[in-house]
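Engineer: Got a predicted structure plus its sequence, pasted below:
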Amino acid sequence: MREKQAYEKGYNFTGDYERDKEVIKEELKKYKEQGYKAVIVEEPDSPLSRGPKGIGYSIYAERKYFIDQEIEQINKKLSYIDSRKQIALDEYNKKIAEIENERIKMEERLKEIMK
């Protein structure tokens, strides 16, 4: 299958690319084991590229794969919200304490020089 055909059938590039077809077939199995429809797309080298010309292979998967990936990323980010808030609060309290210490030192110095 070619890239244009894959797009027409609703598939998109997953980021998996290999020159070795056997390696990409093993990667394809992983997608299928997870229940996704996926295909291998032949990607010829650009005629403008330097060096030997050949063919690479990419994996293109159905839209559901990308939706599931986004859901997983969002859930992961959501799970960090409380710890991120706590870190921000700790940093804020530290800065406030530094400013308060600076105020105390200035007030002490002011009392000292006004005697």
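Structural biologist: Cool, got the structure.

Engineer: only C-alpha atoms for contact and neighbour calcs from this point on.
Structural biologist: Will do.

Engineer: residues of stretch 46-56 that come out buried?
Structural biologist: Neighbour-count burial for stretch 46-56, counted by 16 or more other Cα atoms under 10 Å, picks out G56.

Engineer: and the end-to-end length of that stretch?
Structural biologist: Taking Cα to Cα, to the nearest Å as the measure, stretch 46-56 stretches 11 Å from start to finish.

Engineer: By residue count, what's the longest helix in the protein?
Structural biologist: helix 81-114 (DSSP state H).

Engineer: and it, average pLDDT?
Structural biologist: The predicted model assigns helix 81-114 a mean pLDDT of 96.

Engineer: center of this protein - which residue?
Structural biologist: Computing the C-alpha centroid of the chain and ranking residues by Cα atoms, centre = their mean puts Q73 first, at 7.8 Å.

Engineer: That residue is in what secondary structure piece?
Structural biologist: Element membership for Q73, per DSSP states H and E: helix 63-79.

Engineer: what's the angle from that helix to helix 81-114?
Structural biologist: Interaxial angle of helix 63-79 relative to helix 81-114 (axes from the mean of the first three to the mean of the last three Cα atoms, to 10 degrees): 30 degrees.

Engineer: So which bits of helix 63-79 are buried?
Structural biologist: For helix 63-79, by 16+ other Cα under 10 Å, it's Y65.

Engineer: quick check, distance from that helix to the centre of its chain.
Structural biologist: The chain centre lies 10 Å from the centre of helix 63-79; the measure is Cα atoms, centre = their mean, to the nearest Å.

Engineer: CA atoms of that helix as CSV?
Structural biologist: Below are the C-alpha coordinates for helix 63-79, written out as CSV (Å, rounded to 0.1, in the frame of the first residue of the first chain):
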residue,chain,number,x,y,z
ARG,A,63,-8.0,6.9,13.8
LYS,A,64,-8.9,5.0,17.0
TYR,A,65,-5.3,4.4,17.8
PHE,A,66,-4.5,8.1,17.8
ILE,A,67,-7.6,8.8,19.9
ASP,A,68,-6.6,6.2,22.4
GLN,A,69,-3.0,7.6,22.5
GLU,A,70,-4.4,11.1,23.2
ILE,A,71,-6.7,9.8,25.9
GLU,A,72,-3.7,8.1,27.6
GLN,A,73,-1.6,11.3,27.4
ILE,A,74,-4.4,13.4,28.8
ASN,A,75,-5.1,10.9,31.7
LYS,A,76,-1.3,10.8,32.4
LYS,A,77,-1.2,14.6,32.6
LEU,A,78,-4.3,14.8,34.8
SER,A,79,-2.7,12.3,37.2
